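Enquirer: How does the following fold in three dimensions:
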Amino acid sequence: MGKLRPAALALTLLLGACASSASLSAESRPNLLTLSPEQQRILYGSMETAYPVETIRKGTYVRPLPLAVRQISPRWTFDGREQGVEDYMAENRLSGVLVLKDGKILLERYGLGRKPEDRWTSFSVAKSVTSTLVGAAIQDGKIKSLDDVVTNYIPALKGSAYEGVTIRQLLTMSSGVRWNEDYTDPNSDVARAGTAFREPGQNPIVSYMSRLPRANTPGAKFTYNTGETDLVGVLVSTAVGKSLAEYASEKIWGPFGMERDGIWLTDTSGHERGGCCMSMTLRDYARFGLFVLEDGVARGQRILPEGWVKQATTPQIKNGAPPPGYGYFWWMRDDGGYEAVGIFGQSITTFPEDGLIIVTNAAWPTAGGANLYRARDAFVRAAHAAAKGM
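Expert: Numbers count the residues shown, from 1 in each chain. Below you'll find the predicted structure:
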């Protein structure tokens, strides 16, 4: 697939935002984590103007998302104040919220000047797409088993701390390899992975990860690790012999019926980042959630192995947080739901028992924070309660 921009992109969450000049070096671009509110609003909706991307082509079919006859307008109390959807969106800088039940839209709102046809960046919601493509590769026979060792697919990791680590352990972020995900530390692994020295001709993330030491026994401990989600992206692409964007187009965008081409940011070697930064419309975020909710079947064609979604969205490892665990790049909730979550307010929350999907896109003032997550959770719970009665 052709690049929309030829410039190099540092494979790190310390990506810079710039105008549309591809000639600027990554070092000269503003830090993606410290953009002004106006820079966030513009760049989150047009990442392709600043970075190299691959296009995820849609097909000719578009999955309808009809409006439900009755719409919801939830109200709830947060920190002692009554709130509605518009209050929540304005106070937390949301560009879009969408609630889908049984394939019908119960609520759809836009903010920050966004229109329905506008894309918005995913941040780590992309991780859940990447794990879904692992399932597709298993269905296609390109990956034999989650218990295969990673080095079968990425030989450059032989002799590293990843020797003997399985695909399953990558999907549950339990490789045991040391990793620092501190976004505020310029010397953290997540900050350095895309800018450090790499072996000539080698993928930058593979080169960096191959030099990390082991800290724990594989499978014993959850450590949130964006680098390993990028490794899974490399693994899938290698296994299927296609770019991630091309494979996502073939397995999800085309057959399930996304309404607009998506984009996926690439690293300095031109490979899509499995852990970050896809862009799609609000309704296409909901369609991806619906694809997973419908067990990975698109118009009668089974894309994911039977039982894959249940496995991927069931706790596979304790993650040290109050929710009941972590699946295959999916977060578990304590109320029967599962989530794809990205910093700055991106999320797809699914309640499978209720056929319900809740999407948020935002430009939070910080990457995260207890109050921001509490406010989002209050909205999700209120929308869930309102939708259950429909």
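
Enquirer: Run a quick neighbour tally on Pro305.
Expert: 15 (other C-beta atoms under 10 Å). No exception for glycine: its C-beta is placed from N, CA and C like everyone else's.

Enquirer: Which residue ranges of the stretch 51-200 of the chain form strands?
Expert: Per DSSP state E, counting those that start in this stretch, the stretch 51-200 of the chain carries strands over the ranges 53-56, 75-78, 81-84, 94-101, 104-110, 119-121.

Enquirer: possible to save the ones you listed as JSON lines with mean neighbour count and mean pLDDT?
Expert: Shown next, in JSON lines, are the strands of the stretch 51-200 of the chain (neighbours: other C-beta atoms under 10 Å; pLDDT from 0 to 100):
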{"stretch": "strand 53-56", "mean neighbour count": "24", "mean pLDDT": "98"}
{"stretch": "strand 75-78", "mean neighbour count": "14", "mean pLDDT": "98"}
{"stretch": "strand 81-84", "mean neighbour count": "12", "mean pLDDT": "98"}
{"stretch": "strand 94-101", "mean neighbour count": "25", "mean pLDDT": "99"}
{"stretch": "strand 104-110", "mean neighbour count": "18", "mean pLDDT": "99"}
{"stretch": "strand 119-121", "mean neighbour count": "24", "mean pLDDT": "99"}
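
Enquirer: For those strands, please prepare TSV with the additional fields distance to Gly270.
Expert: Shown next, in TSV, are those (distance: least, C-beta to C-beta, whole Å):
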stretch	distance to Gly270
strand 53-56	8
strand 75-78	44
strand 81-84	44
strand 94-101	29
strand 104-110	33
strand 119-121	19
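
Enquirer: I'd like to know which elements the worst-scoring helix or strand of the chain on mean pLDDT is packed against.
Expert: Scoring the helices and strands of the chain by mean pLDDT, DSSP states H and E places helix 189-192 at the bottom, with a mean of 82. Helix 189-192 is packed against helix 226-240, with contacts defined by 3 or more C-beta pairs under 8 Å, 6 or more residues apart in numbering; DSSP states H and E.

Enquirer: what distance separates the helix or strand just after the helix it packs on from the middle of the whole chain?
Expert: Downstream of helix 226-240, the next assigned helix or strand under DSSP states H and E is helix 244-248. Distance, stretch centre to chain centre, for helix 244-248: 14 Å (C-alpha atoms, centre = their mean, to the nearest Å).

Enquirer: and helix 244-248, what other elements does it pack with?
Expert: Counting by 3+ C-beta pairs under 8 Å, 6+ apart, helix 244-248 packs on strand 53-56, helix 125-139, helix 226-240, strand 262-265.

Enquirer: Kindly recompute the last result at 10 Å.
Expert: strand 53-56, helix 125-139, helix 226-240, strand 262-265, strand 278-281 (3 or more C-beta pairs under 10 Å, 6 or more residues apart in numbering; DSSP states H and E).

Enquirer: Of all these, which one is nearest Pro324?
Expert: Nearest of the helices and strands packed on helix 244-248 to Pro324, taken as C-beta to C-beta: helix 125-139 at 17.2 Å.

Enquirer: quick one, that closest one and helix 226-240 angle?
Expert: 30 degrees (axes from the mean of the first three to the mean of the last three C-alpha atoms, to 10 degrees).

Enquirer: export helix 125-139 as CSV, just CAs?
Expert: This file holds the C-alpha atoms of helix 125-139, laid out as CSV (Å, rounded to 0.1, in the frame of the first residue of the first chain):
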residue,chain,number,x,y,z
VAL,A,125,-7.2,1.3,20.8
ALA,A,126,-5.1,0.1,17.9
LYS,A,127,-3.7,-2.6,20.2
SER,A,128,-7.1,-4.4,20.2
VAL,A,129,-7.2,-4.2,16.4
THR,A,130,-3.8,-5.8,16.3
SER,A,131,-4.7,-8.7,18.5
THR,A,132,-7.8,-9.2,16.4
LEU,A,133,-5.6,-9.6,13.3
VAL,A,134,-3.7,-12.3,15.2
GLY,A,135,-7.0,-14.2,15.4
ALA,A,136,-7.5,-13.7,11.7
ALA,A,137,-4.0,-15.0,10.9
ILE,A,138,-4.8,-18.1,13.0
GLN,A,139,-8.0,-18.6,11.0
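
Enquirer: Give the buried residues for that helix.
Expert: 125-139 (16 or more other C-beta atoms under 10 Å).

Enquirer: centre of the chain versus that helix, how much separation?
Expert: 10 Å.

Enquirer: taking the mean pLDDT, what do you get for it?
Expert: For helix 125-139, mean pLDDT rounds to 99.

Enquirer: Identify each buried residue in stretch 33-45, please.
Expert: Buried, per 16+ other C-beta under 10 Å, within stretch 33-45: 33, 35, 40-45.

Enquirer: I'd like to know which of the residues you listed are part of strands.
Expert: Using DSSP state E to define strands, no part of the buried residues of stretch 33-45 is located there.

Enquirer: quick one: which two of the residues you listed are the most distant?
Expert: Leu33 and Gly45 (17.3 Å).

Enquirer: that older thread, what about the buried residues of stretch 33-45, which are in helices?
Expert: Of those, the ones assigned to helices by DSSP state H are 40-44.

Enquirer: Going along the chain, name the helices of the stretch 251-390 of the chain.
Expert: 282-293, 308-312, 370-388 (DSSP state H, counting those that start in this stretch).
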